[in-house]
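Novice: After the sequence you'll find the predicted model.
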Amino acid sequence: MSAARSGLLLLFPILLFPLQGAAFEEPFPAKPISEAALTAFRLNQIEDSGWKEDGGWTGIATPAARPLLATFKRQLRELVGRELSGEAGSGTAEEIQAKLVSAMAREGVPMEGDDTDHPYGRVLELEVRRPAGLDRWLAVVVTQQIICGFDKALYVFERQEGRWRLAFALEANPDEEINAGMALLDFGISQPDRHGGSFIVVADVNPQCVSNWRRIRYRVFRLEGDPLHPQPFFAGEGSVYQSDFDLEMGSDRFLVRFQGPQLLDYGILIRSHVRAYRITGTKVERIGPLADAARDFVDEWIHLPREIAGRWAAIPGWDSLRAWHYKLKGMLDDHERLSFTEFGPPGACGPFRFLVVLDLEWKTPSKSHPPEIFFSIRDQGGDFEMERIDVTEPEGCTRDDP
């Protein structure tokens, strides 16, 4: 081989690297520690503040980041699975978590820092949980940084033949719409039913740049089937204020509590929302409590489907209450004639009975437009029942001094 030709061969890899890494602000690593570290490095070179040049939030990941975000998520999932198949898979949740964090560091995956202009390519948190009384399950939550917050992924492993095998993977897809991510996440796994199967409830809140209002979503899955493509057999959602929520699990039920809008009185703005359900197989039924307070109960009851609202109505008065339920929905949707509604001073109608007064402000007052509606509600010890609705105040009730 001639000296000239040999020199060209030696120069070729040196010339090639600047072409691949020309967009990077830092030198391209000559020998990446791992594929996950290389993807993290590439992601971290992408500048994305989440804001348009002419103002406003884009809510969309920059195109250069989209394929890398999906690749990085897959690589992290596979890294966790490999580690759990070895020495990292034994011990308490805290011990396993420490081993997985060490594995991330060994692989060169960044796990610290907060760069709002280069928000991708970091694992900000890794959490391991072993649900109480359910030794066959192990859950790992991996949190990545994205624009406007975080994106969490949930992986549930089942102990089979002495090894942890992936049974369930829930990954958001914020590659395009950032608010499709899961900034906050909690979950619960049920005790096995008579057939040995379990369900998992996952509640999450999306990331948001500019508002205190976000979406809360709760979904129920069976822990069976394709772990990478789980399909919920029940899903619900609502608007949540400032993200916080609580998830409570029972053997055949779950409850989600969060702060959401008070639709009957915008002056109050928010109220406690309670969503409780019983699960039988793949059948999901709304159960009590419907609300934490009498006013909240009125708001929730009016906005329920009629067939469900009837379960929280006094049986002797259901014909009248059903008519009122239909009429109230029509009134509240009549924005051409109704200006707004707000609650008047509350009251009581004897032991364990509440009076809720709803004031209606009409654009054009009329005899057919009641200025007030009175709701008589019975406290059932942790839940409520609608007893009476009328345009006149019930006898025997007292109202608080405003």
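Specialist: Perfect, thanks for sending it. Because the structure is predicted, anything quoted here is derived from the model rather than measured. Residues are numbered from 1 along each chain as shown.

Novice: Now do the buried residues in stretch 43-50.
Specialist: By neighbour count on 16 or more other C-beta atoms under 10 Å, the buried set for stretch 43-50 is Leu43, Asn44, Gln45, Ile46, Asp48, Gly50. C-beta here means a position set from N, CA and C on the backbone, and glycine is covered the same way.

Novice: For the third one, give its distance to Asn173.
Specialist: Yep, that's Gln45 we're talking about. 22 Å (C-beta to C-beta, to the nearest Å).

Novice: go on, the first one?
Specialist: Taking C-beta to C-beta as the measure, Leu43 falls 16 Å from Asn173.

Novice: Now, the buried residues of stretch 43-50 that are in strands?
Specialist: Residues of the buried residues of stretch 43-50 located in strands (DSSP state E): none.

Novice: Checking my notes, Asp359 in a helix, right?
Specialist: No. Read with DSSP: H, G, I helix; E, B strand; the rest coil, Asp359 is strand and lies in no helix.

Novice: beta partners of it?
Specialist: Taking DSSP bridges as the rule, Asp359 bridges to Glu342, Glu372.

Novice: Was I right to think it contacts Glu372?
Specialist: Yes. Asp359 is in contact with Glu372 according to C-beta atoms under 8 Å; the separation is 5.7 Å.

Novice: the more surrounded of the two?
Specialist: Under the criterion of other C-beta atoms under 10 Å, the comparison of Asp359 against Glu372 puts Asp359 first, with 16 against 13.

Novice: That one: what's it in contact with?
Specialist: Applying C-beta atoms under 8 Å, 6 or more residues apart in numbering, we find Asp359 in contact with Thr341, Glu342, Phe343, Gly344, Pro371, Glu372.

Novice: isn't Gln231 right up against Phe221?
Specialist: Yes. Gln231 is within contact range of Phe221, at 7.2 Å (criterion: C-beta under 8 Å).

Novice: Please identify which of these two sits among more neighbours.
Specialist: A count of neighbours by other C-beta under 10 Å puts Phe221 above the other of Gln231 and Phe221, at 21 against 10.

Novice: residues in contact with the more buried one?
Specialist: Phe168, Leu170, Phe199, Ile200, Val202, Pro230, Gln231, Pro232, Phe233.

Novice: Secondary structure for those residues - can I get that in CSV?
Specialist: Compiled in CSV, the contacts of Phe221 are given as follows (three-state DSSP):
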residue, secondary structure
Phe168, strand
Leu170, strand
Phe199, strand
Ile200, strand
Val202, strand
Pro230, coil
Gln231, coil
Pro232, coil
Phe233, coil
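
Novice: ok, and what's touching the helix or strand harbouring Gly81?
Specialist: Following DSSP states H and E, one finds Gly81 within helix 66-84. By C-beta under 8 Å, 6+ apart, the residues outside helix 66-84 that reach it are 34-36, 39-40, 42-43, 46, 61, 89, 96, 99-100, 103-104, 107, 109, 120-121, 123, 138, 140, 142, 144, 146, 153, 155, 157, 164, 166, 169, 171, 173-176.

Novice: Now which of these would you call buried?
Specialist: Buried among the contacts of helix 66-84 by 16+ other C-beta under 10 Å: 35-36, 39-40, 42-43, 46, 61, 89, 96, 99-100, 103-104, 107, 109, 120-121, 123, 138, 140, 142, 144, 146, 153, 155, 157, 164, 166, 169, 171, 174-175.

Novice: From the residues you listed, which land in strands?
Specialist: 123, 138, 140, 142, 144, 146, 153, 155, 157, 164, 166, 169, 171.

Novice: Spatially, what comes nearest to Asp358 if we skip its sequence neighbours?
Specialist: One thing to correct before we go on: residue 358 is Leu, not Asp. Spatial nearest neighbour of Leu358, chain neighbours left out: Ile373 (4.7 Å); criterion: C-beta to C-beta, 6 or more residues apart in numbering.

Novice: what's near enough to touch the one you found?
Specialist: Leu328, Val357, Leu358, Leu360, Ile389, Asp390, Val391.

Novice: State the number of residues packed around the fifth one.
Specialist: Taking other C-beta under 10 Å as the neighbour definition, Ile389 ends up with a count of 24.

Novice: Leaving out sequence neighbours, find the closest residue to it.
Specialist: Beyond its immediate neighbours in the sequence, the residue positioned closest to Ile389 (C-beta to C-beta, 6+ apart) is Trp324, lying 4.2 Å away.

Novice: which helices and strands sit right next to the strand or helix carrying the one you found?
Specialist: Applying DSSP H and E as the criterion places Trp324 in helix 318-333. For helix 318-333, the elements it packs on are helix 294-302, helix 306-309, strand 338-343, strand 384-390, judged by 3 or more C-beta pairs under 8 Å, 6 or more residues apart in numbering; DSSP states H and E.

Novice: Quick one: mean pLDDT for stretch 137-151?
Specialist: Averaging pLDDT along stretch 137-151 gives 92.

Novice: same thing with stretch 308-319?
Specialist: 93.

Novice: residues in contact with that stretch?
Specialist: Here stretch 308-319 has contacts from 286, 288, 290, 297, 301-302, 304, 321-322, 325, 378, 383-388, using C-beta under 8 Å, 6+ apart.
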